[in-house]
Each structure stands twice: as C-alpha cells, then as structure tokens.
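*Asks:* model this:
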Amino acid sequence: MKRRIIACCLAASMVLGLAGCMEEEGYEGYEADYSEEQYESSEETEDEEYYSESETTYSDSEYGYPYDNHLGTAKELEGKIAVVSIFVNDATTGWNFESEADQQLDALIYKDLEIATDYLENVSKSYGKDVEFIYDWEQYPELAVDLDITDIDYREVDSNYNQFYNAGSNSIDQNVQTAKILSDVGADQVIYMMYFNTPETNTITSTTFFCHDSEFTYEICFMFMNCEGYLECPSHFAHEMLHTFGVPDLYTAVDYGITQEYVDYAANSGLNDIMRINDDPETGLYVYDSIPNEVTDITAYYAGLTDYSETVNEWGFAPSQH
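*Replies:* Residues are numbered from 1 along each chain as shown. Now for the predicted structure:
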C-alpha cells in the first residue's frame, strides 16, 4: 500500500518524571501513565474553524492544530472522531510494505481498527451517544502516515517514557497536517495511533498517553504490534482508544483513586471489563474477529457516556473528567 513517507529525525528532550508499564499476573497489562509536565503551545493562529472554547490552545506548528487543555485532542466520546494511523520507523524497528509479512500486518491493523471502532460506536449508541470514528485510510489516504523517529527505541519506553511522548507529539506537530485532515474528513477531534513493527521477542506491552488536566494534550496510542509472540487484537485497540477519552485501567490501582482492594475484587469476581482484560474470559485466548469484553458502568462513566456509576459511588472513587 502506497503512503506518503515523511522523514523525521527529532532530538527529543527528556522530561523529568517516573513512568512505566505494569503487568498484572497472568495478564498482559496496558497502562496509561502521566507526566507532571504540561505540553504547552507558544503561538496562536487566526483560523477560527476549529476554535471552540476558551480552553482551546493551538500547537506551535505551521498547521496550527487546536487542542483542548483539559480534554486533549480526543475530547468527548461523541460526534466524528478522526483516527490517524502512524507507522513508525524507530531506532531498531521499521516497516517494509514491499514484504508480504508487513503487508499482512498492515491488513491486520486495518481490521483491528474496523472491529474496535465498530465496537466503540455500538457501545456509545447504547448510551444514546452518536459516535463515528473515521479511520479508513483507503477512503482518506491522509489518515495513514509513515514517520521516521529514529532517536527513540521502543525498548526504552519504560525508562524514557516522557521522551517517547515528546518525540511522538513533536513529530505529529511538525509533520502531520491535522487541521487539514479534520477539515477533509469532517471531524473536530483526533486520536493518533502509532504502530511499531516489534519482533516476537518483544515483551513490552502497548501503552497510551492521554490528556488529564493538561498533562498529555496530544493523545497517542503506542501500539507494539507483537508482544511475546502474540499480535495485537481488536480488544487491545479498543482498550487503548478508550484511554484517550480519560478511561483508567482496572487491573492496577493508578488513577481516580482506584484502590488495590477494588482491583483485587474485580479480578476475583471475574469482571469482564475491557479495561481489565482483553482476552476471552472463557478460554483466556485473544480473539481476532470480535471483542469478547464488556464496557461496564465504571468504564462508561469515565468515558463520559453516563454521568453516574454505581461502582464509583459505592467505592468512593474520584469523579470523571467529563
């Protein structure tokens, strides 16, 4: 598949902070971490087309893409949402779409996106929300981009977590014409999916940066496509995409005051929430043609699909950002 190839060699700056991926025993963990440092913009543009609220800030690139300082580039799970797919060549991995293996993985990513976005649209509809994810790079070729970010190495994402965010957001800011893409597809918010062609020996799980009170304004899902010999499945995609709307993990006590007591309770009760497990609860295997996991009340609440959660109320967790 032919794409517009963009060379991008960034000198990413390191932001102080502690971050990493955590794993629950018996489960490939997916965790979204936070930085204490705010990604700030330095100039504005006169383009009023995407300007919505006083909270909106423009990136300092020539493209002038506006993001919400509170909710980031993925604002609400409602309306039309663009999904930009970025195929990353980093220091040790890359893509060669002349090879049959990479063509097959490319097709798998497309299928994962199709199933994951259909799933999220249907879940949203059940809560009375009209959502349309626009991901189809066959219809809109500008939604698929190749980027060289060779000063990062996926193997160092745990130790240089914020460097990854800086490199990713800077490369997007400098090379992806987000404002034009939103105009072309008729959307007003965006998720960035960055795909790494990791080997079977990779043990690092996918992770997501999402905005939580201006910590990560460019919301990026870092998808390490092969982990311990298993390819990413649609449930993983939907899980990571939900993070961009402020949804926390339920397999670890990290955010919103979620306690280890609740994490243990959810595990012991076999809670089949997509933010806790991503495999088939009956077989323990990944599923590649559907999503066998649920969106329970706590995930729906933190996604902004509902304004009340019995679980959150009962356990005394922090309120949603929506």
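*Asks:* show me where the stretch 151-300 of the chain has helices.
*Replies:* With DSSP state H, counting those that start in this stretch, the ranges of helices along the stretch 151-300 of the chain come out as 161-175, 178-185, 234-243, 260-268, 297-302.
*Asks:* Lys75 is nearest to which of the ones you listed?
*Replies:* With C-beta to C-beta as the measure, helix 178-185 is the member of these nearest Lys75 (12.0 Å). Where you see a C-beta, it was placed from the backbone N, CA and C, and this is true even at glycine.
*Asks:* for the closest one, buried residues please.
*Replies:* Buried residues in helix 178-185, counted by 16 or more other C-beta atoms under 10 Å: 178-179, 181-182, 185.
*Asks:* just the helices of the stretch 151-300 of the chain: most buried one?
*Replies:* helix 234-243 (a mean of 26; mean count of other C-beta atoms under 10 Å).
*Asks:* ok, residues contacting it?
*Replies:* Applying C-beta atoms under 8 Å, 6 or more residues apart in numbering, the contact partners of helix 234-243 are 30, 32, 83, 111-113, 115-117, 119-120, 191, 193, 206-208, 210, 219, 221, 223, 249, 274-275, 278-279, 286-293, 295, 299, 303.
*Asks:* let's go with 7 Å and repeat that
*Replies:* Here helix 234-243 makes contact (C-beta atoms under 7 Å, 6 or more residues apart in numbering) with 30, 32, 112-113, 115-116, 119-120, 191, 206, 208, 210, 221, 223, 274-275, 278, 287-288, 291, 293, 299, 303.
*Asks:* same question for stretch 90-106.
*Replies:* 1, 87, 89, 146, 149-155, 196-198, 225.
*Asks:* please pick the buried ones from these.
*Replies:* 87, 89, 146, 149-150, 152-155, 196-198, 225.
*Asks:* out of those, which sit inside strands?
*Replies:* 87, 89, 146, 196 (DSSP state E).
*Asks:* was I right about the second one contacting Asp148?
*Replies:* Yes. With contact defined as C-beta atoms under 7 Å, Asn89 and Asp148 form a contacting pair (4.7 Å).
*Asks:* the closest residue to Val295 other than its chain neighbours: how many residues sit nearby?
*Replies:* Closest residue to Val295 apart from its sequence neighbours, by C-beta to C-beta, 6 or more residues apart in numbering: Val123 at 4.8 Å. Counted with other C-beta atoms under 10 Å, the neighbours of Val123 add up to 22.
*Asks:* and Val123, how close does it get to Phe133?
*Replies:* 12 Å (C-beta to C-beta, to the nearest Å).
*Asks:* same deal with Leu285?
*Replies:* In this structure, Leu285 and Phe133 are 26 Å apart, going by C-beta to C-beta.
*Asks:* the two - which one has more neighbours?
*Replies:* Using other C-beta under 10 Å, the more surrounded residue of Leu285 and Phe133 is Phe133, with 21 against 11.
*Asks:* quick check: that one is in a strand.
*Replies:* Yes. Under DSSP: H, G, I helix; E, B strand; the rest coil, Phe133 sits within a strand.
*Asks:* separation between it and Tyr256?
*Replies:* Taking C-beta to C-beta, one finds Phe133 at 25 Å from Tyr256.
*Asks:* count of neighbours near Glu314?
*Replies:* Neighbour number of Glu314 under other C-beta under 10 Å is 10.
*Asks:* and it, what pLDDT?
*Replies:* Glu314 is assigned a predicted lDDT (pLDDT) of 97.
*Asks:* chain center to the helix or strand hosting it, what's the gap?
*Replies:* Using DSSP states H and E, Glu314 falls within helix 310-315. Relative to its chain's centre, helix 310-315 lies at 26 Å (C-alpha atoms, centre = their mean, to the nearest Å).
*Asks:* cool, stretch 138-157 as well?
*Replies:* 14 Å.
*Asks:* now the end-to-end length of it.
*Replies:* Using C-alpha to C-alpha, to the nearest Å, one end of stretch 138-157 lies 31 Å from the other.
*Asks:* ok, stretch 276-289 next?
*Replies:* 20 Å.
*Asks:* pLDDT of it, averaged?
*Replies:* On average, stretch 276-289 scores 97.
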